[in-house]
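Asker: Provide a 3D model corresponding to the input given below.
(one chain, ligands or ions: 2)
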Amino acid sequence: MTTPPPTADDLQALAEAVNLAEIEALGRARLDRNALEYYASGANDGHTLRANREDLATLRLRPRMLVDVSHIDTSAEVLGLPLDFPVGIAPSAFHGLAHADAERATARAAAAAGSVMTLSTFSNTPIEEVGQAAAGRLWFQLYLLRDRELSRAVIARAEASGARALVFTVDAPYLGRREANERHHFALPPHLSAPHVVSRAELAQVETDTGSQLTHYFQNLVDKAFTWNDLGWLRAQTRLPIVLKGILTAEDAELAVQHGCHVWVSNHGGRQLDTAVSAVAALPEVADAVAGRAEVYLDGGVTRGTDVLKAVALGARAVFLGRAALWGLAAGGEAGVRQTLELLRAEVRLALALSGKQNLRQVGRDLLMR
Ligand SMILES: Cc1cc2nc3c(=O)[nH]c(=O)nc-3n(C[C@H](O)[C@H](O)[C@H](O)COP(=O)(O)O)c2cc1C
Ligand SMILES: O=C(O)C(=O)c1ccccc1
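Answerer: Ligands and ions are numbered 1, 2, ... in the order given. Now for the predicted structure:
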């Protein structure tokens, strides 16, 4: 099924939204069941999905008073790329389920907001086109495929398209079980494809009688035997910085640094191992283990400016939006993602000011109650 284009009324409602929760409601209302369940679901009972948000909300701030906050600077930097504020777009598959402009729209919005877009290996749009739209504000997420030659080709295309980092996802040798997608047999609609990995003809052959097309399809493509010992192979394929996405422990953070990688704290938005630790709860031990030797990022449950500040306080250089960007895209294409980023940037600015901080360099653990 194709999501119909947003109407003038949809765009008016979007323009009037005052927070990301309102954009989420607008985005959800525009999606059919297949797309909505794919975007919204977590693994199994959704404990980790909820914990990401709850643990961010539960942390308490220690604001300081009588500081000159007449000028607030929200700027940040990731791997040498200046950002207008410390928020990027996390990789998510299949933006074509949300809007006809798909990943191009998300990339244009990220570029306009001075953010950065991470393109999924399983995008509906080829990286060459997204690279144009992102105007240099592009990272590429890699799922290592069992077909190493295909992986090499995808990495080369990412480099040629201007991607500035390779985000290697390490928490999904298998897909977590999103039971709603199994129950209702998730399928990619026939007008969409996954141009980095497979032809539409191959997709059509995937068995869907027994559950989610997603699971069957992903399981056949992704390498499940890849270990720390194989990272040297990946390092040899690219000169781009490598970020390991899906790290949740000090032990793995230490290994990541030893292998010359940056660290993205994530539980995949609660879509992989249910009851795994929330992203924000894992962040302090990871930041301590990394100890400034590499950059640290976080995703999972970020919807408020205070969430961004809390992650920065605990050692993240930037945070990334998964579903929040998808809700914006569904609500209004490029304009929806822009509105999402603009609202969040204004919240970060206000939260800094009300915390008695002029910029992000002043945000440290003393901003949080122990
Ligand atoms: C619909 C959807 C698709 C996703 N696809 C990918 C993907 O292709 N690669 C990847 O590394 N992570 C993927 N993720 C995980 C996100 O990058 C991110 O870790 C997660 O969404 C963050 O949580 P949040 O949605 O609460 O912001 C996906 C997440 C969602 C919701
Ligand atoms: O849905 C996901 O979380 C995900 O990472 C994914 C990516 C590609 C195909 C299927 C699932």
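Asker: contacting residues for residue 125?
Answerer: 95-96, 102-104, 195 (Cβ atoms under 8 Å, 6 or more residues apart in numbering). Just so you know, the C-beta spots here come from the backbone N, C-alpha and C atoms, and that holds for glycine as well.
Asker: Now, those that are in helices?
Answerer: Per DSSP state H, helices hold the following members of the contacts of residue 125: 102-104.
Asker: can you redo those as CSV with distance to ligand 1 and neighbour count?
Answerer: Shown next, in CSV, are the ones in helices among the contacts of residue 125 (distance: Cβ to the nearest ligand atom, whole Å; neighbours: other Cβ atoms under 10 Å):
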residue, distance to ligand 1, neighbour count
102, 13, 21
103, 11, 29
104, 17, 21
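Asker: From those, pick the one nearest ligand 2.
Answerer: Nearest to ligand 2 out of those is residue 103 (Cβ to the nearest ligand atom; 13.1 Å).
Asker: Might you report the residue contacts of that closest one?
Answerer: Applying Cβ under 8 Å, 6+ apart, the residues contacting residue 103 are 95-96, 117, 119, 123-125, 129-130, 133.
Asker: Swap in 6 Å and give it another go.
Answerer: Shown in contact with residue 103 (Cβ atoms under 6 Å, 6 or more residues apart in numbering): 95, 123, 125, 130.
Asker: Which residues belonging to stretch 131-139 are considered buried?
Answerer: Using 16 or more other Cβ atoms under 10 Å as the test for burial, stretch 131-139 gives 131, 133-134, 137-139.
Asker: ok, so of those residues, who is nearest residue 60?
Answerer: The shortest approach to residue 60 among the buried residues of stretch 131-139 belongs to residue 139, at 32.4 Å (Cβ to Cβ).
Asker: Let me have the buried residues of stretch 131-139 in a markdown table, extended by pLDDT, distance to residue 84 and secondary structure.
Answerer: Output for the buried residues of stretch 131-139, formatted as a markdown table (pLDDT from 0 to 100; distance: Cβ to Cβ, whole Å; DSSP: H, G, I helix; E, B strand; the rest coil):
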| residue | pLDDT | distance to residue 84 | secondary structure |
| --- | --- | --- | --- |
| 131 | 98 | 20 | helix |
| 133 | 98 | 18 | helix |
| 134 | 98 | 15 | helix |
| 137 | 98 | 10 | coil |
| 138 | 98 | 16 | strand |
| 139 | 99 | 16 | strand |
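Asker: And the furthest pair within those residues?
Answerer: That would be 133 and 139, which, of the buried residues of stretch 131-139, are the farthest apart (Cβ to Cβ) at 13.8 Å.
Asker: Which residue ranges of the chain form strands?
Answerer: Counting by DSSP state E, the chain has strands at residues 76-78, 81-83, 87-89, 117-119, 138-142, 166-169, 242-247, 262-265, 296-299, 318-321.
Asker: would JSON lines of those strands with distance to residue 228 be doable?
Answerer: Converted to JSON lines, the strands of the chain look like this (distance: least, Cβ to Cβ, whole Å):
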{"stretch": "strand 76-78", "distance to residue 228": "24"}
{"stretch": "strand 81-83", "distance to residue 228": "27"}
{"stretch": "strand 87-89", "distance to residue 228": "26"}
{"stretch": "strand 117-119", "distance to residue 228": "22"}
{"stretch": "strand 138-142", "distance to residue 228": "16"}
{"stretch": "strand 166-169", "distance to residue 228": "12"}
{"stretch": "strand 242-247", "distance to residue 228": "10"}
{"stretch": "strand 262-265", "distance to residue 228": "14"}
{"stretch": "strand 296-299", "distance to residue 228": "19"}
{"stretch": "strand 318-321", "distance to residue 228": "24"}
